[in-house]
Every structure is written in C-alpha cells, then in structure tokens.
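Colleague: Build me a model from this:
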Amino acid sequence: MNKLFTKNDSGFTCVNCGKEVLPLGYTSRNHCPFCLHSLHLDVNPGDRASDCGGVLEPIFAEIDAKKGYVIVSRCKKCGAERRNKAAHEAKVQPDDMNLIIKLSVRKF
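Modeller: Have a look, this model is predicted:
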C-alpha cells in the first residue's frame, strides 16, 4: 500500500438505498454493492479527510487495463468526481454487475 491509501474496511448503511453493506475483508469498501452510491468522505482512499459528506452518484463505468471495472461517481453536493475500483468479484456482497454494465454504456 502506498501512503495515499488508508485501509478503512468497515460496514455501513447505504444512504441511497438503505441496505446494510458488509466489509470486503481485504480492502476498503467505499460504495454500496447494490446501488453503487457512496459518500464523499475521502480526500485519498480511506482517509475520511473530506469535509463534504455529499452523496456520490455513479455516472459511468469504464474498463481499466490494470484495475478492471472502475466506477466514476459525481458528488451531488460539490460536483467532485471520484473513481473507485468495482468489487464485482468480491466473495462478500459483490457489486451488481448489471448496474456496472448499464453504467458502461455512456450517453454522449
């Protein structure tokens, strides 16, 4: 791990859909696997240093040659965009692959 990543793998209740999200067990869980929404809590992954706290809405997904699927979200409060690696292959609550596929068909 580099110094820009802080492991913070705690469960949470999704503010968008209300479902209980369990920890991944091997890295930081940063979005809901059911609706792919998250909160704007981090400056760098896992640090919980952002003062914003707005809802990050998934706007599209793309494929990265090294990371696999990456979900791009935009904060509804401040407009910041964040990229998060999808956890669609996780053993515990994998990301909804159907939603990821829908997000990967970008409308221009």
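
Colleague: Could you list the buried residues of stretch 16-26?
Modeller: Under the neighbour-count criterion of 16 or more other C-beta atoms under 10 Å, stretch 16-26 has N16, V21, L24 buried. (C-beta placed from N, C-alpha, C; glycine too.)

Colleague: For V15, see how far away the spatially most central residue of the chain is.
Modeller: With distances taken as C-alpha atoms, centre = their mean, the residue of the chain nearest its centroid is H31 (3.4 Å). Plainly put, H31 is 11 Å away from V15 if you go by C-beta to C-beta, to the nearest Å.

Colleague: anything in contact with each of those two?
Modeller: Each of H37 lies in contact with both H31 and V15 under the rule C-beta atoms under 8 Å, 6 or more residues apart in numbering.

Colleague: and the residue nearest to the centre of the chain, what does it touch?
Modeller: When contacts are taken as C-beta under 8 Å, 6+ apart, H31 is in contact with H37, S38, L56, P58, I71, S73, N84, D95.

Colleague: Now, those residues that are in strands?
Modeller: Within those, membership in strands is found for S38, L56, P58, I71, S73, N84, as judged by DSSP state E.

Colleague: give the contact list for the second one.
Modeller: When contacts are counted by C-beta under 8 Å, 6+ apart, L56 touches H31, H37, S38, L39, H40, S73, R74, C75, K76, R82.
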